[in-house]
Every structure is written in C-alpha cells, then in structure tokens.
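In: Test case, fold it:
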Amino acid sequence: MQVTETVEITGHLMDTGLLSRVLDDIRGYGGEYTLDKFDLGYDKDDPSTVRMTVGAEDEEALQRLLMRIQTKGANLVNPGEPEITEVTQDGVFPDGFYSTTNLPTNVRLGGHWVEVDNPEMDCGLLVEGGAVRTIPMSDVRAGMRIITSAQGVRVIPPITESTEGGFGFMESEVSSEKPQRVLVRQVAEGMREAKANGQKVLWVGGPGIVHTGAAPAMVALVDAGFVDVLFAGNALATHDIESSLYGTSLGVDLDRGRGVEHGHEHHIRAINTIRKAGSIAAAVEQGVLTSGVMHALVKNGKRFVLVGSVRDDGPLPDVYTDVLDGQRAMRAELPGVGYCLMAATMLHSVATGNILPASIPLTCVDINPATVTKLADRGSSHARGIVTDVGLFVEHLARELSPTYADTK
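Out: Numbers count the residues shown, from 1 in each chain. Below is the predicted model:
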C-alpha cells in the first residue's frame, strides 16, 4: 500500500517547463502523482499553482522523493514538524538524513519557520536549540541533532522568469559570440553593487591569470578594493610570485613570450624563497616579495585561501594540504560575500560552487566552455558563464573599475 503526501508548487510552471520537470522527478523516483488542483495564470506574467498528491511504496522512498521535488519548489501543504535524530557515530549522518541544496531553506520548529544559516548543497541540517544550520558530513559528531525527514522543511526556489519562446541567435547561456564589453560592464556593476551594500567580492582564480599577463590588472583591482577574498591553489600564487621574483611564469618570459634559460627552475626556486621566509606575508614584510597579486593582497590586508592538490610542488607554506581543512577555511570566508567571480580554474570553481549559497551572484569566466557548463552541471545552476580569454577579460574589467589602471593604458 502506498504512502502519500500533498504538495503545492507555484510559479511559471508551463512556459518554463518547471511542472514537467517535477513530474519527471516523481516518476524517476518510482513515485505516482494525482493532480488535485491546477490554477493556470490568466496573463503571461501571472503565476500558476498546482496542488498534487504524490505517493511512494514506503515512507523512506516517499521522503527521498519529497526531498527531490522540494529543490524545484514543490513543498508540503501541511509541513508539520521535522523528524530529528541524534548522531551516534562521528562523521556519519543518521539514516534518512535530509540532503540539502544551496537554495534558501526554512525549518519549522515549535510552530515557527526558522531560516537555515548558510545554505550549502550536499550537507545535513543541524538543529542547535532554536537555530538550524548546514553541516558537512566530515564535521558531524556524535550527539548532534540532525533532521531526517522532508516534513517540516521548506525550500524557496529562485524565481524563473517566463520566456517568450521565440527564435533568436546567440540565445544560449554559454557562448563566445556575445558582446564582451557589455558582459564586462555587467560584472563590474555586480561588483559595485556588492561593495555599495557593504559586502565582499570573492575571486576564485587559476594560474591562467598570470600566464595570460593579467596579473597587473588584477593587482589594480585589488588596490581599487574589488578583490576582498581570493580562493586559489598552489599554482596561481606560485606563478605570481615567480613572476615577481624572476619575470617569468612557468619559465616563460611574460614580456617576450618565450622561455628563458633555466626558466623551468624558477617556480620551485620561488617556492623555496617563500618557504625560507616562513610565509607569503612574511616575505612581503621582509621585502623579499615586492610586487604581484599576492603582494597586493597582503599589502591591502585582504584574505586568501590556498588549497593544494596531489600534483603540487613544494607547496607554498600558506597552502592547505588537507582538503577538509581547506574546505573549512573557505567556508569561514563566505559570510558577507555579495559577489563571486571565477576565472580560469575548473576544479576550484566547482569546489567553491559547492559551498556557495545560490543567493550569491556568480560569474564564471573561462576560455573553455566545458568549464562553465560543468560548474552548472555540478549544482550551481545560477552561475553565469562567459567564454573568453581570461587575460583580456580581467584587463577590461580593470579598466572599468580601476581609474589608475585605466590611466596607464
């Protein structure tokens, strides 16, 4: 015998295909549905509302189904209170734990809706007194109280505008054939808006920023106050420091565009120099490091989190070599972020997208369209993609945002 619940969803259900995707999810999870109420919007801007009864073969299957369709805004009509289970083993969620999204989420406790702090995908919901926050699996400890039901949980999906549905060129979300100046201006406006609201601008960068010769432009953006936090790996910092010390990036002279004798040694010698100083900040204080992106970040009191990988040389002393420690350090910098720009890094972009709330505007810039699409495919569906040369993009952005850089070009 099936167990059932009644859910309701409101929005532009037909012209955006949202209702179709919800019904596909129900069938994909082996469930059944009955449409109980369907109020179709009269005008094209009017939202529609659907109420339906969904069923599954047992309570566990129903809970998983409800969690799935909640990501699209299909919430319970009678939400009730959540089931809460105590953790019995460190690093292990209780069976049936609520698997979170990065969308705004509320939990009903004591008859009142409580907003979940820092919505993050692929986490659990930790109840602490009258508050609820997301918690990653690696941080859960015995005795913690974790939500283990879809009951008592409400997800608020992003508002999807209705589409005209007409034919047009360059209508895809990811394309290199779009007016770059307009895109740069829109990113600049997003950063200005974040700063005007007292929020931070987060950059996620790869070594391509240095390889393409855009480091001076990024330095100008740091000086202008439009880089508050940088997430990167060992590579960006290493090649930026190599450029400062030797004028090369991976042994390539950035002024002449060709390799120099013994240039292949420069990156490891640069790392050794910083390790001798003790840290990047110490190298700046000692006058060892006098230019570049990392120098600008230290000089301006900005934050950076460098998380390494198995392929790293050295690494630099500031690099987190334990990825869980690196994740925690990244999460600690997210409060107050109002805009995020990702440039020339697939792995760090996906990693950051996994911990960012969907409410933070996000733009990914890369010469490879696959980087942008992979970010969206990993759950950051709100990400905006710009396919272009990162060096040229960062230079154009610096001209837009930094008067001193504009005057030098």
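
In: Report how many residues lie close to Ala282.
Out: Using other Cβ atoms under 10 Å, Ala282 has 16 other residues around it. C-beta: built from backbone N, CA, C; applies to glycine.

In: Look up how far Val298 lies from it.
Out: Using Cβ to Cβ, to the nearest Å, we find Ala282 at a distance of 9 Å from Val298.

In: roughly how far out does the helix or strand encompassing Thr134 sit from the chain middle?
Out: Assigned by DSSP states H and E, Thr134 belongs to strand 131-135. Centre-to-centre, strand 131-135 and its host chain are 18 Å apart (Cα atoms, centre = their mean, to the nearest Å).

In: Run through the neighbouring helices and strands of that strand.
Out: With contacts taken as 3 or more Cβ pairs under 8 Å, 6 or more residues apart in numbering; DSSP states H and E, strand 131-135 sits against strand 112-115, strand 124-128.

In: quick one: buried residues of the last one?
Out: This means strand 124-128. By neighbour count with 16 or more other Cβ atoms under 10 Å, strand 124-128 contains the buried residues 124-127.

In: Counting by contacts, list what that strand packs against.
Out: Packed next to strand 124-128, using 3+ Cβ pairs under 8 Å, 6+ apart, are strand 105-109, strand 131-135, strand 145-147.

In: Please name the strands paired to the shortest one in the sheet, noting orientation.
Out: With DSSP bridges as the test, strand 145-147 is paired with strand 84-86 (antiparallel), strand 124-128 (antiparallel).

In: And for it, what's in contact with it?
Out: 82-87, 93-94, 97-98, 107, 124-128, 132, 135, 140, 153 (Cβ atoms under 8 Å, 6 or more residues apart in numbering).

In: Also the first one?
Out: Outside strand 105-109, the residues that touch it by Cβ under 8 Å, 6+ apart are 79-82, 113-116, 119, 125, 127, 130, 132, 147, 152-156.

In: Pull out the buried residues from the residues you listed.
Out: Among the contacts of strand 105-109, those scoring as buried are 79, 82, 114, 116, 119, 125, 127, 132, 147, 152-156 (criterion: 16+ other Cβ under 10 Å).

In: from these, which is closest to Thr371?
Out: Distances from Thr371 to the buried ones among the contacts of strand 105-109, taken as Cβ to Cβ, are shortest for Pro119 (23.9 Å).

In: Am I right that the closest one is in a helix?
Out: No. Under DSSP: H, G, I helix; E, B strand; the rest coil, Pro119 sits outside any helix and is assigned coil.
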